[in-house]
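*Asks:* sharing a model prediction with you, sequence too.
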Amino acid sequence: MVKFYFAEDYISSFWAQKIQMVIAALEALEYYWKDKG
C-alpha cells in the first residue's frame, strides 16, 4: 500500500515535470516568434 502510494506520487511528479518542460518550451517558442515578428 505504501509502495503503491509512493509509486503513484513519483509518477505524478514525473508527469508534472514533463508538463512544466512542455509549457516552458511553448513559452520560449512564443517569445522567439514575437521577437522575430
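*Replies:* Yep, it's here.

*Asks:* and the helix or strand harbouring residue 33, how far out from the chain middle?
*Replies:* Using DSSP states H and E, residue 33 maps to helix 2-36. Here helix 2-36 shows a centroid-to-chain-centroid distance of 0 Å under the convention Cα atoms, centre = their mean, to the nearest Å.

*Asks:* give me the mean pLDDT for it.
*Replies:* Mean per-residue pLDDT for helix 2-36: 88.

*Asks:* from the contact counts, what lies against it?
*Replies:* Taking 3 or more Cβ pairs under 8 Å, 6 or more residues apart in numbering; DSSP states H and E as contact, there are no helices or strands that helix 2-36 lies on. All C-beta spots, glycine's among them, are computed from the backbone N, C-alpha and C.

*Asks:* what residues sit buried inside it?
*Replies:* Judged by neighbour count using 16 or more other Cβ atoms under 10 Å, helix 2-36 contains no buried positions.

*Asks:* numbering from 13 from now on, please.
*Replies:* Okay, residue one is now 13; in that scheme the one you just asked about reads as helix 14-48.

*Asks:* quick one: residue 49 and residue 34, what's the gap?
*Replies:* Noted for residue 49: a distance of 22 Å to residue 34, by Cβ to Cβ, to the nearest Å.

*Asks:* scratch that, residue 22
*Replies:* According to Cβ to Cβ, residue 22 stands 19 Å off from residue 34.

*Asks:* same check, this time on residue 44
*Replies:* 15 Å.

*Asks:* do the same with residue 42
*Replies:* According to Cβ to Cβ, residue 42 and residue 34 sit 13 Å apart.

*Asks:* same deal with residue 20?
*Replies:* 21 Å.

*Asks:* got it, and residue 48?
*Replies:* 21 Å.

*Asks:* same deal with residue 46?
*Replies:* Counting by Cβ to Cβ, the gap from residue 46 to residue 34 is 19 Å.

*Asks:* swap in residue 47?
*Replies:* Residue 47 is 20 Å from residue 34, by Cβ to Cβ.
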